[in-house]
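Engineer: Build me a structure from this.
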Amino acid sequence: MKIRLAYGKKGLEVDVPEGGVTLVEPRFIPGLPDPQDAVREVLAHPLNSPRLSELTRPGERVAISICDSTRAMPSGTVLPALLSELEHLPDESIRILVATGTHRPASPDELERILGRRILERYRVINHVCTDESSLVSIGRTASGIPVILNRAWVESDIRITTGFVEPHFFAGFSGGPKMVAPGLAGLDTVMGIHSAALIADEKSAWGIIEDNPMHREIREIASMAGVHFSLDVTLNSLHEITSVQAGELFLVHERARAFTRAAAMQEVDGLFDVVITTNSGYPLDLNLYQAVKGLSCAARVVRPGGIIICAAECSDGIPASTDFADMISGMVNPGDFLRRLSDPGFRRQDQWQAQVLAQVLEKADVYLKSDGLSEEEIRSSPLRPVERIEDLLSKILKDHPDFRICVLPEGPQTIPYVREGR
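Structural biologist: Residues are numbered from 1 along each chain as shown. Here you go, the predicted model:
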């Protein structure tokens, strides 16, 4: 049976056995026939909010938060309609902020792909840099004591607008919405606070969970402290087509988008599996190994303890080596030891949360990686095992264990599998 996996820009076809394989995919929802018209419609009738054209007045500065190059958010489709609501303002009063969080800045080519040349030429576009203290400002602390340090251009604007792509998230519950403020536009100390080892380890910090999710609670509080005047969120299908769009008050918009996403993404399965084949949803989410941890975390939900996870992620951008993540995983000989080190006094590494989730997965299963963007040596320098052809690995596994149950998640974290209660 041939199955096409979401892998890079072109996909990857694998041949799996006809029997004993469970295919788990998100419910496919066709894209909107005219997405730009849909965006204009919700902007004309926003949820629990005046129109943007009524919210803004001449002389005011506007900041718009957008997704970076690792997200499939169709900003080039959404922003023209949104910016048309601001035509009464001079172009120079509008700044578009790329919410990179701790990711690298978007390159000029990536910005052109994300926004289109016309927007780039007309408006000022700023890559957020979480370590650039000159571009950050403190606005206080959350109730739990996390310092709230945000992009200065965002804080000092009169009107603040978020635009995001809502999908299940492996510890924040769902992306989009308030995440476009923090971690998207947050300083490193804030990002470290909301990604602390204790919050990541909490069982409620998980895919699709909002209620009692301590990380999401902090993110919502920071967004409230910063003040978001208007929000626009979309949902997408596996073809990266817009399936729904909401606009208006931040939290109501996010709630509506979450409900739409949950209905498509959450898929029930009948028990745990011996082998789970997953992806990281293809390009752009599988740009690097750092992001690919999401696909592994998704698979770990339905693999049995001691089972096997096989992940296909192109990683055309490498590990990347520009963060502490590469150093942490290269030294991760024993995942349990690494998880214990996280509680050591003074332990603080950028992107430690991603290494923490990877270690949690590795404690449960053996992990193989199919990647054309990483060399076999690079993969072996991590705690993962390289695989050239997934079919060959499957044949070897099934030769020794012909009764193994196999699950395939072709769209990776676009599908959030969960085990039926009582199984």
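
Engineer: Could you pull out the helices in the stretch 201-350 of the chain for me?
Structural biologist: Secondary structure of the stretch 201-350 of the chain, counting by DSSP state H, counting those that start in this stretch: helices at 214-226, 250-265, 289-300, 325-330, 335-341.

Engineer: Please work out which of those is packed deepest.
Structural biologist: Most buried of the helices of the stretch 201-350 of the chain by mean neighbour count (mean count of other C-beta atoms under 10 Å) is helix 289-300; its value is a mean of 27. For glycine as for every other residue, the C-beta is placed from the backbone atoms N, C-alpha and C.

Engineer: Tell me which other helices or strands it touches.
Structural biologist: strand 273-279, strand 303-312, helix 325-330, helix 352-364, strand 365-370, strand 406-409 (3 or more C-beta pairs under 8 Å, 6 or more residues apart in numbering; DSSP states H and E).

Engineer: so the fourth one versus strand 365-370, what angle?
Structural biologist: Interaxial angle of helix 352-364 relative to strand 365-370 (axes from the mean of the first three to the mean of the last three C-alpha atoms, to 10 degrees): 110 degrees.

Engineer: gap between helix 352-364 and the chain center?
Structural biologist: Centroid separation between helix 352-364 and its chain, computed with C-alpha atoms, centre = their mean, to the nearest Å, is 16 Å.

Engineer: ok, now the first one?
Structural biologist: A distance of 20 Å separates the C-alpha centroid of strand 273-279 from that of its chain, computed with C-alpha atoms, centre = their mean.

Engineer: quick one, that strand and strand 365-370 angle?
Structural biologist: 30 degrees.

Engineer: buried residues in strand 273-279?
Structural biologist: Applying a neighbour-count criterion of 16 or more other C-beta atoms under 10 Å, the buried positions in strand 273-279 are 273-279.

Engineer: Likewise for the second one?
Structural biologist: Of the residues in strand 303-312, those scored as buried under the neighbour-count criterion (16+ other C-beta under 10 Å) are 303-304, 307-312.

Engineer: what about residue 377, distance to residue 316?
Structural biologist: Residue 377 sits 17 Å away from residue 316, going by C-beta to C-beta, to the nearest Å.

Engineer: who's more crowded, these two?
Structural biologist: A count of neighbours by other C-beta atoms under 10 Å puts residue 316 above the other of residue 377 and residue 316, at 16 against 8.

Engineer: That one contacts residue 285, correct?
Structural biologist: No. If you go by C-beta atoms under 8 Å, residue 316 and residue 285 don't touch, sitting 11.6 Å apart.

Engineer: Output the below-cut-off pLDDT ranges for this protein.
Structural biologist: Scanning the chain for pLDDT under 70 picks out the ranges 321-322, 422-423.

Engineer: pretty sure residue 68 belongs to a helix, no?
Structural biologist: No. Counting by DSSP: H, G, I helix; E, B strand; the rest coil, residue 68 is not found in a helix; it is coil.

Engineer: if I pick it, what's in contact with it?
Structural biologist: If you count contacts by C-beta atoms under 8 Å, 6 or more residues apart in numbering, residue 68 has them with 98-101, 103, 106, 114.

Engineer: Where do the domain boundaries of this protein fall?
Structural biologist: 2-27+270-419, 35-264 (automatic domain parsing).

Engineer: quick revisit: which of the contacts of residue 68 sits closest to residue 145?
Structural biologist: residue 101 (20.7 Å; C-beta to C-beta).

Engineer: just to revisit the earlier point, which of the buried residues of strand 303-312 sits closest to residue 372?
Structural biologist: For the buried residues of strand 303-312, the nearest to residue 372 is residue 312 (9.5 Å; C-beta to C-beta).

Engineer: my guess is that closest one meets residue 5, correct?
Structural biologist: Yes. Using C-beta under 8 Å, residue 312 is in contact with residue 5, at 4.9 Å.

Engineer: about what we covered before: I'd like the helices and strands packed on helix 289-300 laid out as JSON lines, including distance to residue 93.
Structural biologist: Listed next are the helices and strands packed on helix 289-300 as JSON lines, based on distance: least, C-beta to C-beta, whole Å:
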{"stretch": "strand 273-279", "distance to residue 93": "42"}
{"stretch": "strand 303-312", "distance to residue 93": "45"}
{"stretch": "helix 325-330", "distance to residue 93": "38"}
{"stretch": "helix 352-364", "distance to residue 93": "36"}
{"stretch": "strand 365-370", "distance to residue 93": "47"}
{"stretch": "strand 406-409", "distance to residue 93": "45"}
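
Engineer: Of all these, which one is nearest residue 177?
Structural biologist: So among the helices and strands packed on helix 289-300, helix 352-364 is nearest, using C-beta to C-beta, at 19.3 Å.

Engineer: what packs against the closest one?
Structural biologist: Counting by 3+ C-beta pairs under 8 Å, 6+ apart, helix 352-364 packs on helix 197-201, helix 289-300, strand 303-312, helix 325-330, helix 335-341.

Engineer: These: which one's closest to residue 418?
Structural biologist: Comparing these by C-beta to C-beta, helix 289-300 comes nearest, at 10.5 Å.

Engineer: and the angle from that closest one to helix 250-265?
Structural biologist: Using the same axes, to 10 degrees: helix 289-300 against helix 250-265 is 60 degrees.
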